[in-house]
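Undergrad: quick one, structure for this:
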Amino acid sequence: MKDKKTKLIVVLLVLLVLITIVPIKQIITDPSIIGSSISITKVFVTGLTVNHSCSATFFEGWNLVSNPCATENKSVSFVLSSIKGNYSSIHGYDLNDKTDPWKAYNPDLPHWVVNDLNEISDLKGYWINMKNQNNFHINGTLTQPNMIPLSEGWNLIGYPANNSKNITEALETISGSYDIVWMYNTTDDTYYYYNASSENGTITEMEKYKGYWLKMSSSGLLFVI
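TA: Numbering: from 1, shown residues only. Now for the predicted structure:
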């Protein structure tokens, strides 16, 4: 028992050092304490932000996209300023708004018409209708790792990471809580999918700048690492 207590004290001291010397917002641990057995199976340090430049090509027509760069100004007009005049509308989906889940912003509407999509989040995915092909770019910050809260049902999410990752690894923290993933590729006008139960499909990796429809069988928290 003494050795177990010593081990726990050492782990807690390490976490205390992290809190002291690293500019973090939150440390999440996954402890397991059963009788005299004490273990910490996972430690997630969240809120580490680095400056990051985001750049992607949006193609003519409908694109299912995301923006991994977080910005202080999250307004649609600011985030999409690099493609101003080249898109006709952008649409988001809020599963938790049961009466009106679809939100939209149309820059060509008169000023007195209220758009109900006001901000763009680095955690979410969006449908954007491009008038012509154009290059999107913005400077912001990338949070490593990041967390995406998910509700039971269909979630429209982004993948705010710096690199692509195998889909089963990318979704490891919600394994057993999701059923299927869908994405849309504008260039070949094709939907791709991954079925969790059969462990197969046409999506092999999660990629930044892509938007994903993710069906959750129960609520969960996705860590993008």
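
Undergrad: which sections of this structure are below the confidence cut-off?
TA: Applying pLDDT under 70 to the chain picks out residues 1-47.

Undergrad: neighbours around the closest residue to Val79 other than its chain neighbours, how many?
TA: Excluding the flanking residues, the one nearest Val79 by CB to CB, 6 or more residues apart in numbering is Ile120, at 4.4 Å. C-betas here are computed from N, CA, C, even on glycine. Using other CB atoms under 10 Å, Ile120 has 27 other residues around it.

Undergrad: and stretch 71-85, how far out from the chain middle?
TA: Relative to its parent chain, stretch 71-85 has a centroid offset of 18 Å by CA atoms, centre = their mean, to the nearest Å.

Undergrad: what residues does that stretch touch?
TA: 58, 67, 87, 90, 105, 107, 115, 117-121, 130-131, 134-141 (CB atoms under 8 Å, 6 or more residues apart in numbering).

Undergrad: again, only using 10 Å
TA: 54-55, 58, 67, 69, 86-87, 90, 92, 103-108, 115, 117-122, 126, 128, 130-141 (CB atoms under 10 Å, 6 or more residues apart in numbering).

Undergrad: next step: those residues restricted to strands.
TA: When the contacts of stretch 71-85 are checked against strands (DSSP state E), the matches are 54-55, 58, 87, 90, 92, 103-105, 126, 128, 130, 134-141.

Undergrad: out of the residues you listed, which are buried?
TA: Buried members of the ones in strands among the contacts of stretch 71-85, counted by 16 or more other CB atoms under 10 Å: 54, 58, 87, 90, 92, 103, 105, 126, 128, 130, 134, 136, 138, 140-141.

Undergrad: out of those, who's nearest Thr173?
TA: The nearest member of these to Thr173, counting by CB to CB, is Thr141 at 21.8 Å.

Undergrad: thinking the closest one is in contact with Ala70, fair?
TA: Yes. Counting by CB atoms under 10 Å, Thr141 touches Ala70, with 5.1 Å between them.

Undergrad: on that earlier part again, quick one: which two of the buried ones among the ones in strands among the contacts of stretch 71-85 are the most distant?
TA: Met130 and Thr141 (25.6 Å).

Undergrad: residue contacts, the residue nearest to Val79?
TA: 65-67, 69-71, 73-80, 90, 92, 105, 126, 128, 138, 158.

Undergrad: nearest residue to the middle of the protein?
TA: Nearest residue to the geometric centre of the chain (CA atoms, centre = their mean): Leu123, 3.4 Å.

Undergrad: and the closest residue to that one other than its chain neighbours, what element?
TA: Of all residues not flanking Leu123 in the chain, Ile148 sits nearest, at 4.8 Å (CB to CB, 6+ apart). Assigned by DSSP states H and E, Ile148 falls within strand 146-150.

Undergrad: tell me the strands beside that strand, with direction?
TA: With DSSP bridges as the test, strand 146-150 is paired with strand 220-224 (antiparallel).

Undergrad: coming back round to it: any shared contact partners between Thr141 and Ala70?
TA: Joint contacts of Thr141 and Ala70 (CB under 10 Å, 6+ apart) are 49, 52, 122.
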